[in-house]
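*Asks:* the following comprises the amino acid sequence and a computationally predicted model.
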Amino acid sequence: MSDFLVIGGGGHARVLIYTLKALGHDVRGYTALADEGELVQTPYLGNDDVLASLHVMLPSCAALGVGKTVIESERLALFEKIQAVGIRLPPVVSAGALCHAGVCLGDGTVVLDGAVVVVGSQLGRACIINTNATVDHDCVLGDDVHVAPGATLSGGVEVGDHCMIGTGANLIHAVRVCADCMIGAGATVIQDITAPGVYVGIPARRIA
Ligand SMILES: CC(=O)SCCNC(=O)CCNC(=O)[C@H](O)C(C)(C)COP(=O)(O)OP(=O)(O)OC[C@H]1O[C@@H](n2cnc3c(N)ncnc32)[C@H](O)[C@@H]1OP(=O)(O)O
């Protein structure tokens, strides 16, 4: 078990603090890099200006508490900034998630309660597999991909960097979604998406 620093403010940070504590980790520190956010039973340490000077006193492991609801989020830049000061961001799998043996999770990736990641899948860095989302067998996800609550990636799906797969969206088997796409809540993707943009509906069509 390790001491963890949760970095960020708001809802995702609270989920991570809960998740890490349930796994038996100590959550000693808490900073709000994006804003001061909400303080959750852990001390506020300062903003990103203090990270470099504080890091010798901080836990050597951290988790990204900044969530993602848009394509261009701060998550990956923050991930790289934290790593650059020598703090590790190991993947975190909730005790309430199921992640098959042999699945590959990049650093900074979190798999939250009720989520399932099935055999043969490879996930990049700083991804979020949110509550009750499923990533079925042999999927390949890039960096900074958020699969929102209840979304379903069927077998062999590929999703490029920075994509946001909205709440309850469904991607049928073997479709490929290129980098920088927003798949709207409830959309169903039935064919490859090759142009970055915003896609909604059943079947999913580009609106922006
Ligand atoms: C734990 C957590 O909370 S994780 C967070 C999870 N969050 C999500 O999944 C959010 C996903 N986001 C969405 O679905 C958003 O609606 C988006 C990004 C697809 C579109 O948002 P915006 O760009 O603001 O589009 P806007 O709301 O202006 O809608 C544009 C049009 O698309 C339609 N539309 C928007 N979203 C959807 C959708 N999911 N499905 C179908 N139609 C939609 C709107 O009705 C509107 O149609 P109209 O022009 O005929 O009136």
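*Replies:* Everything's here; your move. Numbering: from 1, shown residues only.
*Asks:* beta partners of the residue positioned nearest the centre of the chain?
*Replies:* For the chain, residue 128 is the residue whose C-alpha lies nearest the centre (Cα atoms, centre = their mean; 1.9 Å). Assessed by DSSP bridges, residue 128 has beta-bridge partners residue 110, residue 146.
*Asks:* I'd say it and residue 146 touch.
*Replies:* Yes - contact criterion Cβ atoms under 8 Å: residue 128 and residue 146 qualify, at 4.5 Å. C-beta: built from backbone N, CA, C; applies to glycine.
*Asks:* which residues sit against stretch 84-104?
*Replies:* 5, 16, 19-20, 22-23, 51-52, 55, 58-64, 79, 82-83, 105-123, 126, 129 (Cβ atoms under 8 Å, 6 or more residues apart in numbering).
*Asks:* likewise stretch 190-205?
*Replies:* Outside stretch 190-205, the residues touching it (Cβ under 8 Å, 6+ apart) are 71, 169, 172, 175-189, 206-208.
*Asks:* quick one: buried residues of it?
*Replies:* Residues of stretch 190-205 classed as buried: 193, 196, 198-200, 204 (neighbour count, 16 or more other Cβ atoms under 10 Å).
*Asks:* tell me the gap between it and the middle of its chain.
*Replies:* Mean-position distance between stretch 190-205 and its chain equals 21 Å (Cα atoms, centre = their mean, to the nearest Å).
*Asks:* and it, C-alpha only, in CSV?
*Replies:* Written as CSV, here are the backbone C-alpha positions of stretch 190-205 (Å, rounded to 0.1, in the frame of the first residue of the first chain):
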residue,chain,number,x,y,z
ILE,A,190,-21.7,1.6,-36.1
GLN,A,191,-18.9,2.5,-38.5
ASP,A,192,-15.3,3.9,-38.4
ILE,A,193,-15.0,7.6,-37.6
THR,A,194,-12.0,9.1,-39.4
ALA,A,195,-12.4,12.8,-38.9
PRO,A,196,-12.1,14.6,-35.5
GLY,A,197,-15.4,16.1,-34.4
VAL,A,198,-18.6,15.8,-32.3
TYR,A,199,-20.8,12.8,-33.2
VAL,A,200,-24.3,12.2,-31.7
GLY,A,201,-27.3,10.0,-32.3
ILE,A,202,-28.2,6.5,-33.5
PRO,A,203,-26.4,5.9,-35.7
ALA,A,204,-23.8,8.5,-34.7
ARG,A,205,-23.5,11.4,-37.1
